[in-house]
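Undergrad: how does the following fold in three dimensions:
(one chain, ligands or ions: 1)
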Amino acid sequence: MPSVVLIGAQWGDEGKGKVTDVLAEKADIVVRYQGGNNAGHTVVVGEEEFKLHLIPSGILYPDKTCIIGNGVVIDPAVLLEELEYLAARGINTNNLRISLRAHIIMPYHKKLDEVIEESKGDAKIGTTKRGIGPAYMDKAARVGIRFVDLLDRDEFSLLLDRNLKEKNNLLAKVYAADGFNKDTIMKEYMGYADLLRKYAADTSIIIYDALKAGKNVLFEGAQGTLLDLDHGTYPYVTSSHPIAGAACVGAGLGPTEITKVLGIIKAYTTRVGEGPFPTELLDETGLHLRDKGHEYGTTTGRPRRCGWFDAVIARYTVRVSGLTSMAVTKLDVLTGMDTLKICTGYRRGNEIIRDFPASLKTLAGCEPVYEEMPGWHDDITSAKAFADLPAAAQNYLNRLSELAGTPISIIGVGTRRTQTIIMDSLF
Ligand code: IMP
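TA: Below you'll find the model as predicted:
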C-alpha cells in the first residue's frame, strides 16, 4: 500500500489542509512531521470551517489515527486549545498520538522569537513569533526539552533549571528583557503534562507497523519548499524542513518506505513575511488575487503578497522533493481574468536563469520572463472532471504541468471538500 508525502511547493499556504482532508478519506494514518503552530490549515466540511495549526487535518474523520511526529515542535498550550476547540465542535480526538521525541516550545522560546526579531530591525525575517526558530535552535544545540521529558517531572525540572540559567541571562544581558520564573513554568507545564500524557507514544513504531500491515499512511507537510531551512530563500525561511525528505527524519522511517510525493501548488503564487518574490504583483492584479483568494494568513492574519505562477519554483520543487505529481489549488481564483501570465525563467542582465538561484542578491535582481495565456470567464466551481473545465483552463493546467515536468493529479476549484477534481486519488 502506498505511503504518500504531501508537501507545499511554494512559500506555504498552498491549500495543503484541504488536499490533506480530501486524501485522508482513504488514509488510515495521517502524520505531521515538521514545523509547529506557525502552520495554519483551513478545512471546510459542509457548512463548517475548521482552522487547525498542530493537529493533522485527518482528525476530522473519526476513524483515522493522527500523529504528531518527532520532527514537530509542540506548544502544549496551543495543542490543548486546539483539542478543546475540536471537542467543542463534536470532533473525537482520542485517535491522536504524539511522539515522545517531539520537542516542546517553552515560554522563553516565544519571548526570544520576539526579541530576536525586534533586534534585527530591517533585517527581520517576519516570523510568526510562535517560538518555532528558538525551539529548533535548542534542539540543534542539544538543550531542548522533549515530550518524554515533559512527562517526567524530575527530568523536566533539571532541564528547566539548566535552560533558565542560560535563557534568563541571555534575555537580560543581550536583549534587556525580563526573564522567567521556574515555579510558574513548572506549575503550568506539569498541568499540560497531565492533560497530554494519554496521547504519548513511540509513533515511529505505529507508522512502521501500519505500513507493514499494508495500511495507507499520509504525511502532511507544513509550510513550503521555499521556506525550507536548506533549500528555501535563506535566511527568509522557517527553521524546519518542509521538503519531502524531512518526512523520513520527522516521522522516524526510512526513505524506502515512501512511494509517492504530491506537491501542492497554487495556480498563482503567494508569500507572507519578508524576502524576495520575483513574480510579486504590486498592482491592482495583486490586490485582486488577494481579495478573491482570501489571501490572509490563517495563523497571523497578515495579508499575503500575491503574484503570477512561477514555473522556475515549480521545477525546483519537483527536483528537491522528487514530486511524483502535483495538486493545483485555487484555480477558481483565476476565473474572470482576460490574460494569465506564467513565469518560465528569470532575466538578469543579458542572462536567462532557468534554475532557482541560491543567492538572494541574484534573486532580487531577477526580472520574470513571462509567457501569456488566455484566461476564462465561465464559472468552474462545480466542475467534477478535467473535461468539465473550459478549454482555456485546461490549456493553462497542461502548460503548468509541462513546465514543471510532473503530472497533475488533483485540481482545486473551490473551498469545499467536494470542489476538487481528482484524476488520481494516490492511494
Ligand atoms: P517562523 O516559522 O515563525 O520562524 O517564520 C519564518 C518564516 O516562515 C516567516 O516568513 C513566516 O511568515 C513563514 N511561515 C512560517 N509558517 C508559515 C506557514 O504555515 N505559511 C506561510 N508562511 C509561513
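Undergrad: tell me the secondary structure for the residue of the stretch 251-400 of the chain found nearest the ligand?
TA: With CB to the nearest ligand atom, the shortest gap between the stretch 251-400 of the chain and the ligand falls at Gly273, namely 2.3 Å. Where you see a C-beta, it was placed from the backbone N, CA and C, and this is true even at glycine. Following DSSP: H, G, I helix; E, B strand; the rest coil, we place Gly273 in the coil state.
Undergrad: the nearest residue to it once chain neighbours are set aside: neighbour count?
TA: Computed as CB to CB, 6 or more residues apart in numbering, the closest residue to Gly273 that is not its neighbour in sequence is Gly126, at 3.2 Å. By the criterion of other CB atoms under 10 Å, Gly126 has 15 neighbours.
Undergrad: before we move on, what about Thr270?
TA: Thr270: 25 neighbours (other CB under 10 Å).
Undergrad: so it sits in a helix?
TA: No - read with three-state DSSP, Thr270 is strand and lies in no helix.
Undergrad: can you check the pLDDT for the closest residue to it other than its chain neighbours?
TA: Leaving aside its sequence neighbours, Thr270 sits nearest to Arg304 (CB to CB, 6+ apart; 4.2 Å). In this model, Arg304 is scored at 95, pLDDT.
Undergrad: Arg304 - how many residues pack around it?
TA: So Arg304, with other CB under 10 Å, has 20 neighbours.
Undergrad: for Arg302, same thing?
TA: 13.
Undergrad: repeat that for the one 5 residues further on.
TA: Here the count is done by other CB under 10 Å, and Gly307 has 21 residues near it.
Undergrad: likewise for Asp161?
TA: 10.
Undergrad: how far away is it from the ligand?
TA: 27 Å (CB to the nearest ligand atom, to the nearest Å).
Undergrad: from the ligand, how far off is the residue lying closest to that residue once chain neighbours are set aside?
TA: Spatially, and ignoring its direct neighbours in sequence, Asp161 is nearest to Lys182 (6.8 Å; CB to CB, 6+ apart). Going from Lys182 to the ligand by CB to the nearest ligand atom gives 26 Å.
Undergrad: now swap in Leu60 and tell me
TA: 19 Å.
Undergrad: tell me if I'm right that that residue and Lys18 touch.
TA: No - using CB atoms under 8 Å, Leu60 is not in contact with Lys18, being 11.1 Å away.
Undergrad: show me whatever sits in contact with both of those two.
TA: Here Leu60 and Lys18 have Val43 as joint contacts, going by CB atoms under 8 Å, 6 or more residues apart in numbering.
Undergrad: per-residue confidence averaged over stretch 61-73?
TA: 96.
Undergrad: OK, contacts around the residue in the chain sticking out farthest from the centre?
TA: What lies farthest from the middle of the chain is Asn350; by CA atoms, centre = their mean that is 35.8 Å. Contacts here follow CB under 8 Å, 6+ apart; on that basis Asn350 touches nothing.
Undergrad: would you quantify the distance from it to Val312?
TA: 18 Å (CB to CB, to the nearest Å).
Undergrad: what about the longest strand in this protein?
TA: Looking across the chain with DSSP state E, the single longest strand is strand 339-348.
Undergrad: counting neighbours, which bits of that one end up buried?
TA: Neighbour counts over strand 339-348 (16 or more other CB atoms under 10 Å) mark 340-346 as buried.
Undergrad: redo those residues as JSON lines? Include pLDDT and distance to Phe219.
TA: Listed next are the buried residues of strand 339-348 as JSON lines, based on pLDDT from 0 to 100; distance: CB to CB, whole Å:
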{"residue": "Leu340", "pLDDT": "98", "distance to Phe219": "32"}
{"residue": "Lys341", "pLDDT": "98", "distance to Phe219": "33"}
{"residue": "Ile342", "pLDDT": "98", "distance to Phe219": "29"}
{"residue": "Cys343", "pLDDT": "98", "distance to Phe219": "29"}
{"residue": "Thr344", "pLDDT": "98", "distance to Phe219": "31"}
{"residue": "Gly345", "pLDDT": "98", "distance to Phe219": "32"}
{"residue": "Tyr346", "pLDDT": "98", "distance to Phe219": "31"}
